[in-house]
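S.K.: Coordinates only, no sequence provided:
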Ligand code: HEM
């Protein structure tokens, strides 16, 4: 695509703003070793996001757990995967580190005043209100909402595969994505967008699916947002959006507008229901009317209803404003929709190349469901139609191990930013070699220093996870005592992650609030699909004997694409060979009880 004069002028202008704001802000990282700066203008951090799974691992294996990198205009940043340093950033000294202003401003403009757009006291207040909403007691109630969606998804898959047991190639990505959207919209908002029904077109769900590609096309603006917001009044900013050359910004603004208006409408309906005293009563259809292809499915048990209820009955000082409550809607959708879609598609892809693991999960689910039926918990005729309770589903040990291991080896997002808000020192668990070759066990940090928290490097640390850190071995999670971790080279060293001592969902007060929801969703999807269907990597070859391969492209989130000549290298897709399950697709186990106890 040719760059026009207007784009050049705009880019130059923003570059000038950034330069004047950052110039002279020195860090204290001069003695920390790292790869050479590739360009003064762009630095080398962009390499972390461009097809960089290997680059991320290479960095930490070459330079250790703390590496100096360069961002725009020669600014230095610290790339970190050291467990003790991360403990300081996320837990012990977390008041000295927060997300950067560009993250806050862009989320504020896109999603409103939700969790990802607030800092300090306001963020703390919001978490205080929202943490209990995501408690296991509420997730237990939410599981029956998402089970029918998983069944519907399995029926859609089954319709697409031959009834005679032969294999067909199916791109599972669009269906996983549509399913994930329904889980969020029904469980978080209590509304359906009929995303799994192709005959029903819904502008909201289409907008949500178009969000990430559209956001990536204008993401170069993100670092400049704090300066733009600081310098220009709203009227100017609105004009700037109109002047922005090409269609990318207009598309993006349209998507955000659809999302905002829909959230506003659902929020209005919920408030009306609350005022009418309907909240808290499950299965009560509210006054909200189905319109087109969307409408309320249940009122009272979804996340937003629980939140509104909790808010209304809390002290005035703790209460969130309407703008803060509404801001959570788009925040939850965007934080929870694609991350979980990519996670589940990755798990299915990994299982497609591990038929033995697939068989083991299938059998584990079968045994649990048969036991469930035999205890009279369900009246369905066939075992695979039974839906397990939350406690039974989440207690399946091998399914749990597969999900943990896949989220560790292949985290959906790779690097997250933090900024030092004061001068401080970061101690290191594993000393690194300084520029002058001497080992360093603490790094002085100046206020304003950017920290690049590397999820990939942390999850692949050989010291913490062992020499086989990069191998996919679900067994490492089996037969562990409560809170026991798989053994690495250094025992008892642990990352401060909210989930299983890994950094996939980060940690501390800004750690992912939805990780248990997402774990429940992944378990339900797999426990529903695997007993019915068998998945394998695509087997078809072209005239040159080449096979279609899924390539996980890293551009922020890791997106599965098919590279030319089979695909365009951009569209998210996961083609798999799918067929109905056969008897031999179950693991042959000596005793069912043994399987459950594994
Ligand atoms: C596999 C799926 C998921 C992954 C890998 C993931 C990962 C993350 C990460 C790394 C963060 C921290 C971002 C940062 O501060 O830089 C985060 C925050 C967040 N996540 Fe998730 N997430 C997932 C699913 C979900 C789900 C299902 C929901 C909601 C239903 C959700 C809601 C949120 C929210 C609201 C935040 C912001 C928390 C705060 O700032 O206090 N996430 N997530």
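M.R.: Structure's in. What do you need? Since the structure is predicted, the reported quantities are computational estimates derived from the model, not experimental observations.
S.K.: which bits of this structure sit near the ligand?
M.R.: Residues of the chain found near the ligand (CB under 6 Å from any ligand atom) are 99, 115-116, 127, 188, 331-332, 335-336, 339-340, 343, 412-413, 416, 504-506, 510, 512-514, 517-518. Bear in mind the C-beta positions are built from the backbone N, C-alpha and C, glycine included.
S.K.: Are any of those buried, and if so which?
M.R.: 99, 115-116, 188, 331-332, 335-336, 339-340, 343, 412-413, 504-506, 510, 512-514, 517-518 (16 or more other CB atoms under 10 Å).
S.K.: any low-confidence regions in the stretch 201-350 of the chain?
M.R.: For the stretch 201-350 of the chain, applying pLDDT under 70 flags the ranges 225, 227, 229-230, 232, 234, 236-238, 277-293, 298-300.
S.K.: What segments of it are helices?
M.R.: Listed in chain order, the helices of the stretch 201-350 of the chain (DSSP state H, counting those that start in this stretch) span 203-217, 225-231, 234-243, 248-275, 303-312, 322-352.
S.K.: Can you tell me how far residue 536 is from residue 426?
M.R.: 46 Å (CB to CB, to the nearest Å).
S.K.: Then residue 205?
M.R.: The value you get for residue 205 to residue 426, if CB to CB is used, is 43 Å.
S.K.: what's the burial count for residue 297?
M.R.: The local packing of residue 297 (other CB atoms under 10 Å) involves 18 other residues.
S.K.: scratch that, residue 583
M.R.: Residue 583: 5 neighbours (other CB under 10 Å).
S.K.: before we move on, the earlier item: ok, residue 536 and residue 426, which is more surrounded?
M.R.: Neighbours per residue (other CB under 10 Å) separate residue 536 from residue 426, with residue 426 holding more: 24 against 16.
S.K.: tell me the pLDDT at that one?
M.R.: With respect to pLDDT, residue 426 scores 97.
S.K.: Are we agreed that residue 429 is in a strand?
M.R.: Yes. Counting by DSSP: H, G, I helix; E, B strand; the rest coil, residue 429 is located in a strand.
S.K.: which phi and psi does residue 416 have?
M.R.: phi -120, psi 150 (degrees, to the nearest 10).
S.K.: The closest residue to it other than its chain neighbours: which element?
M.R.: Distances taken as CB to CB, 6 or more residues apart in numbering place residue 453 nearest to residue 416, at 4.8 Å, with adjacent residues excluded. In this structure, residue 453 sits in strand 450-454 according to DSSP states H and E.
S.K.: contact partners of that strand?
M.R.: For strand 450-454, the surrounding residues in contact (CB atoms under 8 Å, 6 or more residues apart in numbering) are 45, 48, 56, 59-60, 69, 71, 75, 77-81, 86, 89, 97, 100, 414-420, 445, 503, 506.
S.K.: Out of these, which sit inside strands?
M.R.: Using DSSP state E, 69, 77-80, 97, 415-420, 445 are the members of those that sit in strands.
S.K.: As a markdown table, those with distance to residue 134 would be great.
M.R.: Below are the ones in strands among the contacts of strand 450-454 laid out as a markdown table (distance: CB to CB, whole Å):
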| residue | distance to residue 134 |
| --- | --- |
| 69 | 34 |
| 77 | 32 |
| 78 | 31 |
| 79 | 31 |
| 80 | 27 |
| 97 | 23 |
| 415 | 25 |
| 416 | 20 |
| 417 | 24 |
| 418 | 23 |
| 419 | 26 |
| 420 | 29 |
| 445 | 32 |
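S.K.: mind listing what whatever residue of the stretch 1-150 of the chain ends up closest to the ligand touches?
M.R.: Ranked by CB to the nearest ligand atom, the top residue of the stretch 1-150 of the chain for proximity to the ligand is residue 115, at 4.0 Å. By CB under 8 Å, 6+ apart, residue 115 lies in contact with 123, 126-127, 130, 327-328, 331, 335, 513.
S.K.: What subset of the contacts of strand 450-454 is buried?
M.R.: 45, 48, 56, 59-60, 69, 71, 75, 77-81, 86, 89, 97, 100, 414-415, 417-420, 445, 503, 506.
S.K.: Report the contact partners of residue 133.
M.R.: 303, 306-307, 310.
S.K.: Of those, which is the nearest to the ligand?
M.R.: residue 303 (7.2 Å).
S.K.: burial of that closest one, as a residue count?
M.R.: Count around residue 303 with other CB under 10 Å applied: 24.
S.K.: Model confidence score at the nearest residue to residue 157 once chain neighbours are set aside, please.
M.R.: Computed as CB to CB, 6+ apart, the closest residue to residue 157 that is not its neighbour in sequence is residue 533, at 5.8 Å. At residue 533, the pLDDT value in this model is 97.
S.K.: Surely residue 533 is in contact with residue 156?
M.R.: No. Residue 533 is beyond contact range of residue 156, at 11.1 Å (criterion: CB atoms under 8 Å).
S.K.: Pick out whichever of those two has more residues nearby.
M.R.: Taking neighbours as other CB under 10 Å, residue 533 and residue 156 compare with residue 533 leading, 23 against 17.
S.K.: which strand residues sit across from that one in the sheet?
M.R.: Taking DSSP bridges, one obtains residue 580 as the residues bridged to residue 533.
S.K.: list the contacts for the residue of the stretch 201-350 of the chain found nearest the ligand?
M.R.: Taking CB to the nearest ligand atom, the ligand has its nearest neighbour within the stretch 201-350 of the chain at residue 336, 2.8 Å off. Counting by CB under 8 Å, 6+ apart, residue 336 makes contact with 180, 184, 188, 514, 517-518.
S.K.: Among the residues you listed, which are located in helices?
M.R.: In this view, the contacts of residue 336 that belong to helices under DSSP state H are 180, 184, 517-518.
S.K.: Among those residues, find me the one that's closest to the ligand.
M.R.: residue 518 (3.8 Å).
S.K.: which residues touch the residue of the chain found nearest the ligand?
M.R.: Here the residue of the chain nearest the ligand is residue 514; by CB to the nearest ligand atom that distance is 2.2 Å. Residue 514 makes contacts with 134, 332, 335-336, as judged by CB under 8 Å, 6+ apart.
S.K.: separation between it and residue 344?
M.R.: The gap separating residue 514 from residue 344 is 14 Å, by CB to CB.
S.K.: What of residue 117?
M.R.: Applying CB to CB to residue 117 and residue 344 gives a distance of 27 Å.
S.K.: Grab the nearest non-local neighbour of residue 183.
M.R.: In this structure, residue 183 finds its nearest non-sequential neighbour in residue 146, 4.8 Å apart by CB to CB, 6+ apart.
S.K.: which parts of the helix or strand harbouring that neighbour are buried?
M.R.: According to DSSP H and E, residue 146 maps onto helix 136-160. Going by neighbour count (16+ other CB under 10 Å), the buried part of helix 136-160 is 138-139, 142-143, 145-147, 149-154, 156-157.
S.K.: Between helix 303-312 and that helix, find me the angle.
M.R.: 160 degrees (axes from the mean of the first three to the mean of the last three CA atoms, to 10 degrees).
S.K.: quick one: residue 523 from residue 135, how far?
M.R.: 18 Å.
S.K.: Comparing the two, which residue is more hemmed in?
M.R.: Remark: of residue 523 and residue 135, residue 523 carries more neighbours, 26 against 11, as counted by other CB under 10 Å.
S.K.: element containing residue 200?
M.R.: Counting by DSSP H and E, residue 200 is part of no helix or strand.
S.K.: Surely it and residue 194 touch.
M.R.: Yes. Look at residue 200 against residue 194 with CB under 8 Å: they come within range, at 4.3 Å.
S.K.: More neighbours: which of those two?
M.R.: Each of residue 200 and residue 194 has its neighbours counted (other CB under 10 Å); residue 194 has more, 19 against 14.
S.K.: looking at it, the more buried one is touching residue 206, isn't it?
M.R.: No. Look at residue 194 against residue 206 with CB under 8 Å: they stay out of range, at 11.6 Å.
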